[in-house]
Structures are given as C-alpha cells and as structure tokens.
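Chemist: only the shape, not the letters, is given here:
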Ligand SMILES: N[C@@H](CCC(=O)N[C@@H](CS)C(=O)NCC(=O)O)C(=O)O
C-alpha cells in the first residue's frame, strides 16, 4: 500500500502526478503544514519527522525528501519506465539530474528569489550555469533524458509550474511545460491536489 502525505500546492503535488504515472493504487493523506507568511501549522497526523511534505509510506516504510521519493517510485515500478534501471547507460544521467535538483537547483533558485543572484557574482554565475544546463538538455530534448520521459522531468517541471519566473523567458521552457502538463496523469493529479469537497 502507498500513502502520500500531501498538502495542496506544495512540493508534494508533483508526487500525486508521479503516483498517477505509476498506475498503482495509492491514498492521499491531506495534512496541514506551516506555510511561509504564517498560515497553516505542523499537523500531528503528518508522519514526516519534520512535519513537512512530501512523505511517502510504502508497505509501512517511510520515505522522505523529494528526490528520494522520485527515485524510489521509479525503481519500485520498473515496468512503467519512469527512470532508467541500473545497467542502462541513461541511469547515470538520471540520478545526476535528481541529485542536481536537490543539491544545486533548490539552493540556486532560493538565492535567486532572495535577490542574491543580482548582488553576488558567484550566485549570478551559478544561476546562469543552471539556466544554460537545463536549456542545453531541453533543446536536445524533448525530455531531460532525451527521448525518454522520467521522474526527473516531473521534478524539474514542477519548479516551472510553481514559479515560471524562476528561470528566464525562453520558448524551450514554455514548450516543455506545455508538453508535460498535457500528460493525462498530470491532469488527473491536479484534480486531486485539494481534498474532495
Ligand atoms: N527537501 C524537502 C523540502 C520539503 C519542504 O520544505 N516542504 C514544504 C512544503 S513545499 C513544507 O513542508 N513546509 C512546511 C515546514 O517547513 O514546516 C523535500 O524536497 O522534500
């Protein structure tokens, strides 16, 4: 059994999408979280040790951290081809993109939203390198791994869906968003982002 601990319009929204891509049965446990600006509060019903989302429980096993959950689901459902398996030459790029998301993208984008890419030459350089890296991959596209859609795309595009202005205005990003949000699993997931009723 799979249960996703989820708060609407948050980092867990993309895992409803990824779970829809697996085709496996799952439950969504809607929980409250402390939101920037003071709304919301840590929810005692949330199993995440820091009361954050996402948290995934699979057959009693708890997995947290977005990139870990993305890798876990891709590996747990190999028949759905949501990530190359060990032995596939694309496995290296796949895990690299996932680690890059957590280790590079999130801190660089945070620096950007805090204005530091405007004032600190090193932060500016890191931001430009990130933009160049994604654009180069997507220009070759249509996905980060070339012809193969993967959980890495779900991670990356979720940034653009949350804040399109996180990256500069380039058609390649807009086309990528349009391509991925046209997926039926994405459409189904958005209908489940908020609790029913
Ligand atoms: N590194 C974590 C970050 C999780 C995170 O910060 N989630 C936010 C929602 S987008 C949250 O739960 N915030 C509530 C809090 O910080 O208490 C991941 O990617 O899973």
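Modeler: Done, it's in. Just so we're clear, the structure is a prediction, and the values are computed from it rather than from any experiment.
Chemist: every contact and neighbour count from this point should use C-alpha atoms.
Modeler: Fine.
Chemist: so what's the single nearest residue of the chain relative to the ligand closest to, chain neighbours aside?
Modeler: Proximity to the ligand, evaluated over the chain using Cα to the nearest ligand atom, is greatest for residue 52 at 3.1 Å. Leaving aside its chain neighbours, residue 52 sits nearest to residue 33 (6.4 Å; criterion: Cα to Cα, 6 or more residues apart in numbering).
Chemist: quick one on the thing from earlier: how many other residues sit next to the residue of the chain closest to the ligand?
Modeler: As a burial measure, residue 52 scores 23 neighbours (other Cα atoms under 10 Å).
Chemist: can you check residue 112 too?
Modeler: Using other Cα under 10 Å, residue 112 has 19 other residues around it.
Chemist: and for residue 51?
Modeler: Counted with other Cα under 10 Å, the neighbours of residue 51 add up to 19.
Chemist: now it: how far from residue 22?
Modeler: Remark: distance between residue 51 and residue 22 (Cα to Cα, to the nearest Å) = 26 Å.
Chemist: which bits of the chain sit near the ligand?
Modeler: Residues of the chain lying close to the ligand by Cα under 6 Å from any ligand atom are 10, 11, 33, 34, 35, 51, 52, 53, 54, 65, 66.
Chemist: the residue of the chain closest to the ligand in helix, strand or coil?
Modeler: coil (DSSP: H, G, I helix; E, B strand; the rest coil).
Chemist: can you check the pLDDT for it?
Modeler: On the pLDDT scale, residue 52 is placed at 98.
Chemist: likewise for residue 197?
Modeler: So residue 197 comes in at 82 (pLDDT).
Chemist: and residue 153, by the same measure?
Modeler: Note for residue 153: predicted pLDDT of 98.
Chemist: begin at 36 from here
Modeler: In the new count, where the first residue is 36, that last one comes out as residue 188.
Chemist: what's the helix or strand for it?
Modeler: Assigned by DSSP states H and E, residue 188 falls within helix 186-197.
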